[in-house]
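# 3D, please:
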Amino acid sequence: MASNRFKPLERVSTSCAGLRITAESMGEYLPGEPQAVPPHPELKDIVIQLFTHRSVIDPILVPAVVEPLLVLVLAGAAKVEERALGGEWEAADVMAGDFFLTSTDEPYEMRWQTQGGETFDVMHLYLGLPLIEQASRELLGHHAGAVHLRDVSGARDERVAFVMEQLRVEWVEERSPSSLFARSLAQALAVHLVRTYLADIQAGRRVNALQAYKLRKVIDAMSAELGDEFSLARLAGLAELSEYHFSRMFKRATGLSPSQYFIRLRMARARQLLLETGRSVIEVGLEVGYSSPSHFSQVFRREVGVTPSEFRGARSR
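This is a model prediction of the structure:
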């Protein structure tokens, strides 16, 4: 039987049709039996989840993700079908070693049928945006805009499979796992993804984007002031631009408006505090600028996919 953590299509269709969630929250939306994985809170930009899946006949609506999500088939085989909302089904027969890369801006539907057995095992690997952005700056230069990776379904890439398997072994099987080694593997994988799976729209986003040194200055200021009110005028002043031109150039560089980016930074900090400290949800909300607990919970759920309390509870199990 599928885990009761799964959110069925009827519920997901109304709650996340326009939602983008963090890739690490994807397990809340997919049917599957989660396997125990040791926590490594010191690795903030790397999350590994392991699942055993059975056949799913009825379509599942999968939310769009904020960060890239890699899924590697570890054992077993299945016929996996995907389609855009209202589109035609596209099928892929997958087996151990095949992978999926999900970086879509839109939700989509999935279903699958196991082959040659009742189950197949998969590994989810979440790579935080800082790792992807670091690889982008090294490969594309500091003037590169936001990174957009292609969606890949049921492909085979020996380098992806090898690095993900090494990460799994280091994370799950080693008695004394090395965070340095795990981060090095993740960085190598991020470089490979940017080299190999960069979306075509990337080139167009580099034109007339905010200069790299100004972008870094603005983002640093945002990060230092997460508890303060958002001020477009102050950020535009740091970039020495009018509010109108700053907003346009910032979005060309990052794919998000300044206010949206600020909210994402707040939610990233909130997730970190919820995982790594014993502070109450109210205290976490205050630290990232929300004096109203209900407003904080509403924004967190919209951005992450679950409430702050649900997020802390799910990650502590």
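# care to break the chain down by domain?
9-203, 208-316 (automatic domain parsing).
# Could you export those domains as JSON lines, including mean neighbour count and mean pLDDT?
Bear in mind the C-beta positions are built from the backbone N, C-alpha and C, glycine included. JSON lines is the format used below for the domains of the chain (neighbours: other Cβ atoms under 10 Å; pLDDT from 0 to 100):
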{"stretch": "domain 9-203", "mean neighbour count": "17", "mean pLDDT": "82"}
{"stretch": "domain 208-316", "mean neighbour count": "17", "mean pLDDT": "87"}
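# Quick one: the strands in this protein, in order.
20-21, 33-35, 46-53, 56-62, 64-65, 69-75, 77-84, 90-95, 98-102, 108-115, 120-127, 152-156 (DSSP state E).
# Could you dump those strands into TSV and include distance to Leu232?
Listed next are the strands of the chain as TSV, based on distance: least, Cβ to Cβ, whole Å:
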stretch	distance to Leu232
strand 20-21	22
strand 33-35	41
strand 46-53	32
strand 56-62	33
strand 64-65	26
strand 69-75	31
strand 77-84	34
strand 90-95	42
strand 98-102	32
strand 108-115	33
strand 120-127	30
strand 152-156	37
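# The ones you listed: which one's closest to Ser297?
Smallest distance to Ser297 across the strands of the chain (Cβ to Cβ): 15.2 Å, for strand 20-21.
# who wins for proximity to Glu303 among the strands of the chain?
strand 20-21 (7.5 Å).
# ok, back up a step: out of the strands of the chain, flag the one nearest Leu286.
strand 20-21 (23.9 Å).
# hmm, back to that, which among the strands of the chain is found nearest to Glu240?
Among the strands of the chain, strand 20-21 sits nearest to Glu240 (Cβ to Cβ), with 31.0 Å.
# Name the surrounding residues that touch stretch 80-97.
The contact list for stretch 80-97 (Cβ atoms under 8 Å, 6 or more residues apart in numbering) reads 17, 61, 72-79, 98, 100, 106-112, 115, 153-154, 156, 158, 161.
# CA atoms only for that stretch - export them in CSV, please.
Output of stretch 80-97 as CSV, limited to C-alpha atoms (Å, rounded to 0.1, in the frame of the first residue of the first chain):
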residue,chain,number,x,y,z
VAL,A,80,6.3,5.8,-16.4
GLU,A,81,3.9,8.1,-18.2
GLU,A,82,3.8,11.9,-17.9
ARG,A,83,1.8,14.7,-19.5
ALA,A,84,1.3,18.4,-19.3
LEU,A,85,-2.1,19.4,-18.0
GLY,A,86,-4.5,18.7,-20.8
GLY,A,87,-1.8,17.2,-23.0
GLU,A,88,-1.0,13.8,-24.4
TRP,A,89,0.6,11.0,-22.3
GLU,A,90,4.3,10.3,-23.0
ALA,A,91,5.7,7.0,-21.8
ALA,A,92,9.2,5.8,-20.9
ASP,A,93,10.3,2.4,-19.8
VAL,A,94,12.8,2.8,-17.0
MET,A,95,15.1,0.5,-15.1
ALA,A,96,17.9,0.7,-12.6
GLY,A,97,20.3,3.5,-13.6
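# how distant is that stretch from the center of its chain?
20 Å (Cα atoms, centre = their mean, to the nearest Å).
# and if you look at stretch 169-184?
For stretch 169-184, the distance to the chain centre is 21 Å (Cα atoms, centre = their mean).
# first vs last residue of that stretch, how far apart are they?
This stretch, stretch 169-184, spans 14 Å end to end (Cα to Cα, to the nearest Å).
# Stretch 248-263 too?
First-to-last residue span, stretch 248-263, Cα to Cα: 17 Å.
# can you check stretch 89-101 too?
18 Å.
# Ok, stretch 93-113 next?
10 Å.
# and it, how far from the chain's centre?
For stretch 93-113, the distance to the chain centre is 15 Å (Cα atoms, centre = their mean).
# what's the pLDDT at Phe6?
Predicted confidence (pLDDT) for Phe6: 36.
# Begin at 183 from now on, thanks
OK, 183 is where the count begins now, so the last one is Phe188.
# Grab the nearest non-local neighbour of Cys353.
For the record, residue 353 is Trp, not Cys. Ile230 (5.2 Å; Cβ to Cβ, 6 or more residues apart in numbering).
# from memory the one you found sits against Val354, does it?
Yes. Counting by Cβ atoms under 8 Å, Val354 is a contact partner of Ile230 at 7.4 Å.
# can you list residues touching both of those two?
Val219.
# which residues does Leu417 contact?
Leu417 neighbours (Cβ under 8 Å, 6+ apart): Val400, Ala403, Met404, Phe428, Phe432, Pro440.
# Recalculate using a threshold of 6 Å.
Val400, Pro440 (Cβ atoms under 6 Å, 6 or more residues apart in numbering).
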